[in-house]
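# Mind folding the following:
(chains A and B)
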Amino acid sequence: MTDSASGDLPQRPASRRIDPAGLVIAAALAVLAAVLVWDASRLSSTSMYGMGPEAMPVVIAIGLGILAIANLIDTLRGNLPPRESADPKPVLLILGGLALLIAIIGLGGGFILATSALFVTTSAAFGRRAILADLAIALVMTTLIYLAFDRLLTLSLPAGPLERLL
Amino acid sequence: METFAALAHGMAVAVQPMNLLYALIGVFLGTAVGVLPGIGPALTVALLLPVTYKLDPGGSLIMFAGIYYGGMYGGSTTAILINTPGESASMATALEGNKMAKAGRGGPALATSAIGSFVAGTIATIGLAFLAPWLVDFAVRFGPEDYFALMCVAFVTVSATFGDSPIRGLTSLFIGLTLGLIGIDKLTGQARLAFGMPELLDGVEVTTLAVGLFAVGEALHVASRRHHAEEKIEPVRGSLWMTRQDWMRSWKPWLRGTMFGFPIGALPAGGAEIPTFLSYSTEKRLSKHPEEFGKGAIEGVAGPEAANNASAAGTLVPLLTLGLPTSATAAMMLAGFQQYGLNPGPLLFAERPDLVWGLIASLFIANVMLLVLNLPLVGLWVRLLAIPQPWLYAGILVFATMGTIAAKPSVVELSMLAAFGVLGFLMRRFDFPIAPVVVGLILGPIAESQLRRALAISLGDPIVLLQSPMSATLLGIALTALVAPFVLKGLGRFKASED
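Presented below is the predicted three-dimensional model:
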């Protein structure tokens, strides 16, 4: 399942221009490898025979290091697939919604308020402007979900002021 | 004959009224979620995992079987009606199926895909039932070094062999392996990569990773490029039923598709792309109506759909007998087993035969239900496709976060979900495959513990990996599969320059 290939990219011949994103990817992999080695160096090897807990992180770090170089070469050769322009605004809106959800759950605001906030921001990110109508839909829907899962399936979803009224 | 007795016993488990109900709910929910655009079977299983939290293992696995097949069927409905295959395995179906729908033959396209899935699923499940006990007899003799070698094969084939770029596939795999390191080391009790956060000591939840990468990542990806193109739903016009000619043209592709799908799915190679595209090109070559290909040939829907479903049943062979998931969906199924502390493999066949054979038997039942449910309910599924995009993705995200909130309502866990969502978005944007991350997270820790066990038995001598003929062969295969794409690519470049 390569979901990434959403079938929209026109297969242009690879341009020879170096894509800065590729350099960032290679650097990120190298940093990850360094973090693994640093973390592994803090572990004490206690096993008498065979591998200790630090062996595998080092092996994976070596793999990541090789892949960082391979990705770098791929980028320098201009092999990074071309991509369409992306609109950052909806992405930030959805991430804002997730942040709001996390804050509301963290502060004890409960399931209904938290997921409603996410619903409204996501829907706005996809171009809806009727925020109040969406808020009403969200409150009704998440209340029904709360009742179905919390009461019927006895999953414990976090309760806030709204849930205590039910 | 042992198989028949076991299967009959499994049937007896599966036809208990409560279990039949679970299978029905599973098929219904699986189709309903799988039909939503952009949601493939792996995400369907991940999103519906919370629904099964409170059931007993037997009932939950039976519901899983239904969700699995329902999700697959829902995916092909989307592929036919709006030409957005939720996963690459449905891409071949979308090629001809969407053309058929545009020509007003959406009904027969959906019908041949439903009946073909049924035929293929049934044959492949019979194959599973007969192959599994044989493989289990074989697998009980496996030592830890053999398991480790087998997982190396799975790592390589899942990430390197079949993707567009082996480098990007392997990068995804190693990100998954890194995530698998997080938490307490089971052998020595030391925390790895936890950075002093107690929430990380238990490691990364598979469902959090899968839902983050697939659901949140997909929502962010679609939102970021919403300004490019709107999807168009093809209405189902005309007769829903297949004509006599449709039947005549469909039955051979169904059987051929099954023959491609099951063996390739059953190999620890994973992926339904290869058999579906093999089936597509074979049908194109054998068809008496080659001129129709590209304009909506029914063979081009019947074959790949059968191959897709047969390979789905095929991937259950390594999953149930060896505990080896070779696709993202199989990885989610493994997560479903693990939530009950069950580990699929030869031991599970010996210890919980009722569970394993009940699951296999309910695959048959799920298949029948799928056929009975889906042909008449096509109208309902089409209406689900018409949910406006803003509400659709808002709803998906609510359900996606609900799973995590129900499992672990902590700020850290939800932040991880959001972080994995960003990771999934970036990976989609830069064309890295997602499935190897999930497989790496699940298989990495298992591979490590098998390797350490093997080395502990051999007193630290790594030659043990090559002394067992099984393990030596498998490691050889893994190495070949790792190197082959690079060599072939070199050959391809050589050829291209010759032209």
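# Secondary structure element holding the closest residue to chain A within chain B?
Closest to chain A within chain B is B:L455: 3.2 Å, counting by CB to the nearest CB. For glycine as for every other residue, the C-beta is placed from the backbone atoms N, C-alpha and C. Secondary structure assignment for B:L455, by DSSP states H and E: helix B:435-457.
# elements contacting that helix?
helix B:144-156, helix B:166-181, helix B:206-211, helix B:328-338, helix B:464-467 (3 or more CB pairs under 8 Å, 6 or more residues apart in numbering or on different chains; DSSP states H and E).
# So B:A14 sits against B:N367, correct?
No - using CB atoms under 8 Å, B:A14 makes no contact with B:N367, being 11.7 Å away.
# about what we covered before: check the offset of the helix holding B:L455 from the chain's centre.
Here the centre of helix B:435-457 is set off from its chain's centre by 20 Å, with CA atoms, centre = their mean, to the nearest Å.
# again with stretch A:112-127
Centre-to-centre, stretch A:112-127 and its host chain are 17 Å apart (CA atoms, centre = their mean).
# Equivalent analysis for stretch B:285-293, please.
30 Å.
# Between the two ends of that stretch, how far is it?
Length of stretch B:285-293, first residue to last, CA to CA, to the nearest Å: 10 Å.
# Now do the contacts for the spatially most central residue of chain A.
Centroid check for chain A by CA atoms, centre = their mean gives A:L95 as the closest residue, at 9.5 Å. Applying CB atoms under 8 Å, 6 or more residues apart in numbering or on different chains to A:L95 gives the contacts B:220, B:418, B:422.
# quick one on the thing from earlier: please verify my assumption that the residue of chain B closest to chain A contacts A:M51.
Yes - the pair B:L455 / A:M51 is scored as a contact, 5.6 Å apart, by CB under 8 Å.
# Identify the contacts common to these two.
Contact criterion CB under 8 Å, 6+ apart; no residue bridges B:L455 and A:M51 by contacting each.
# that older thread, so among the contacts of A:L95, where is pLDDT lowest?
Lowest pLDDT among the contacts of A:L95: B:L220, with 93.
# quick one: what helix or strand has that residue in it?
In this structure, B:L220 is located in helix B:217-224 according to DSSP H and E.
# Please enumerate residues in contact with that helix?
Here helix B:217-224 makes contact (CB under 8 Å, 6+ apart) with A:3, A:6, A:86-88, A:90-91, A:93-95, A:122, A:125-126, B:38-39, B:43, B:389, B:393, B:396-397, B:420-425, B:427-429, B:434.
# Buried among those? Need that as a selection in ChimeraX.
In ChimeraX, this line selects whichever of these come out buried by 16 or more other CB atoms under 10 Å in any protein chain shown:
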select /A:3,6,86,90,91,93,94,95,122,125,126 /B:38,39,43,389,393,396,397,420,421,422,423,424,425,427,428,429,434
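# In contact with the residue nearest in space to the middle of chain B, which residues are there?
Per CA atoms, centre = their mean, the C-alpha nearest to the average position across chain B is that of B:T329, at 2.9 Å. Contacts for B:T329 (CB under 8 Å, 6+ apart) come out as A:1, B:40-42, B:45, B:68, B:71, B:312, B:315.
# how about 6 Å then?
B:41-42 (CB atoms under 6 Å, 6 or more residues apart in numbering or on different chains).
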